[in-house]
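> got a sequence here, can you model it:
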Amino acid sequence: MAPPTSPTVRAAHLREDLKSLAVLGPTDEARIRAQLAPASLKAIEDAVPTARLPLALNLEMAEVVYRVAGEAGCRRWGTASLLASLDGFFKPLFLGLTKLMAPSPTLMFKTMPQGWSTAYQGCGTIAVAQPAPGQTRLTCMGIAPGMLTPAFLHAVSGTLAAAFEVSRYTGTVTLEPWKPGAGEASWLVTWKKA
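A predicted model of the protein is given here:
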């Protein structure tokens, strides 16, 4: 099968995003669902988990979440979505091991390039660097232009902050300034042991 010619996202990821709207509370979840196009909801809910759907569905959802719940809501939603991706039989084992073994956030973020390419196609690549002790920088190069919005980028900030939910570390995720049309976005994660 030929690779898609336009940016796509895995249906399973979009389903986790829909499920994760619950973290915003019943009122905001209902407002967000009401503002999403019915055809978008149907496409997500009817797709097999391994299907590739247009990135526009993910961007639409992020914009509505941002409009209804703001930056903080987008971040909470991003965190909840990553945690939802861990749901299943192995979640307690995974969470127990990460708390016990205490891998650093940099080590955990080293899986981000593979996770990104699994969820997204035609949306750029992620590079992970440790500019200083207690810091990790994640840079998305060749990011799809539609992703360079506060809504989408703050949701990714929340996704990265999920590392603090599953480890013995605390910290902050800072979305670094970006230029629209530059094709690049980066986040600086500062962390320390809790």
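> residue boundaries of the helices in this protein?
Using DSSP state H, the helices of the chain run over residues 11-20, 26-35, 38-46, 55-85, 91-101, 105-109, 112-119, 150-161.
> quick one: closest of those helices to residue 169.
Closest to residue 169 of those is helix 105-109 (C-beta to C-beta; 5.6 Å). All C-beta atoms are positioned from the backbone trio N, CA, C, and that covers glycine.
> can you pull out the low-pLDDT segments for the protein?
Filtered on pLDDT under 70, the chain yields the residue ranges 1-5, 88-102.
> strand partners (parallel or antiparallel) of the lengthiest strand in it?
Ordering each strand of the chain by length in residues (DSSP state E) puts strand 184-193 first. Strand pairing for strand 184-193, using DSSP bridges, gives strand 135-141 (antiparallel), strand 169-175 (antiparallel).
> what's the angle from the last one to helix 150-161?
Inter-element angle recorded for strand 169-175 and helix 150-161: 160 degrees (by axes from the mean of the first three to the mean of the last three C-alpha atoms, to 10 degrees).
> for stretch 163-170, the distance to its chain's centre please.
16 Å (C-alpha atoms, centre = their mean, to the nearest Å).
> how about it as PDB, C-alpha atoms only?
Taking Å, rounded to 0.1, in the frame of the first residue of the first chain, the C-alpha atoms of stretch 163-170 are listed here in PDB:
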ATOM      1  CA  ALA A 163       5.500  11.600  32.100                       C
ATOM      2  CA  PHE A 164       5.000  13.200  35.500                       C
ATOM      3  CA  GLU A 165       1.900  11.100  36.100                       C
ATOM      4  CA  VAL A 166       3.700   7.800  35.600                       C
ATOM      5  CA  SER A 167       7.000   8.500  37.200                       C
ATOM      6  CA  ARG A 168       8.800   9.700  40.300                       C
ATOM      7  CA  TYR A 169       9.500  13.000  38.700                       C
ATOM      8  CA  THR A 170       7.800  16.400  38.700                       C
END
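> list the buried residues for it?
163-164, 166-167, 169 (16 or more other C-beta atoms under 10 Å).
> give me the contacts around stretch 150-160.
58-59, 62-63, 65-67, 71, 74-82, 109, 112, 138, 146-147, 173-175, 178, 185, 187, 189 (C-beta atoms under 8 Å, 6 or more residues apart in numbering).
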